[in-house]
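Asker: Sharing a model prediction with you, sequence too.
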Amino acid sequence: MSSSIFFKSICTAAVAILASPGVAKAQSIGNWDILFTSLETDFQDSVTNEITLDYLIGTGRQFNLDLFTKDCTSPITGMTITPTTARMSNVDADHDGLEIMLDLDKSAITSSNVWEDSKLEFCVGVQLLSGGSVIKEE
């Protein structure tokens, strides 16, 4: 019985330390956040970037972008999707903004492996890198 009280005391102390903003900041090694914030689509004929995704990522982090079918492992075939990125530095103290714009070959969508049941479904993989190694991915 006393061991469970001891365990609860240790857990409570650990939670208090981790929840303390001053301690968490002091022990932080940097921000590795990948936070999805929005998705916009526009498939009008005159538009070239039909899909725009916005993220917040850790300030100054290198990133990589991959596109896959909805299983997030298989390559997209039957159409071309050309990604373009824009980075907005220091959106806040801990994050940069990352905008991913996707230009789709609209004429080939229905013959691609990402078109199923009248829906366009694919996976966008965002990775944060350090020295070429993947530290975090979403």
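Answerer: Received it, and whenever you're ready, just let me know what you need. Predicted, not measured: the structure shown is a model, and the values here were computed from it. Residues are numbered from 1 along each chain as shown.

Asker: switch to C-alpha atoms for all contacts and neighbour counts from now on
Answerer: Will do.

Asker: Helices of the protein, residue ranges please.
Answerer: Along the chain, counting by DSSP state H, helices occupy 2-19, 21-27.

Asker: weakest of the ones you listed by average pLDDT?
Answerer: Among the helices of the chain, helix 2-19 has the lowest mean pLDDT, at a mean of 37.

Asker: and the protein, what are its domains?
Answerer: 1-29, 31-137 (automatic domain parsing).

Asker: Compare these and say which comes out lowest on pLDDT.
Answerer: domain 1-29 (a mean of 40).

Asker: how about the nearest residue to Asn49 once chain neighbours are set aside, what does it touch?
Answerer: Once flanking residues are discounted, Asn49 sits nearest to Asp103: 4.2 Å by CA to CA, 6 or more residues apart in numbering. Taking CA atoms under 8 Å, 6 or more residues apart in numbering as the contact definition, Asp103 lies against Thr48, Asn49, Glu50, Ile51, Ile81, Thr82, Pro83, Thr84.

Asker: do Leu102 as well
Answerer: Asn49, Glu50, Ile51, Thr52, Ile81, Thr82, Pro83, Thr84.

Asker: most surrounded residue in those?
Answerer: Asn49 (21 neighbours; other CA atoms under 10 Å).

Asker: from memory it sits against Met101, does it?
Answerer: Yes - contact criterion CA atoms under 8 Å: Asn49 and Met101 qualify, at 5.6 Å.

Asker: Near the closest residue to Glu138 other than its chain neighbours, how many other residues are there?
Answerer: Nearest non-adjacent residue to Glu138, counting by CA to CA, 6+ apart: Val126, 5.4 Å away. For Val126, the neighbour count with other CA under 10 Å is 20.
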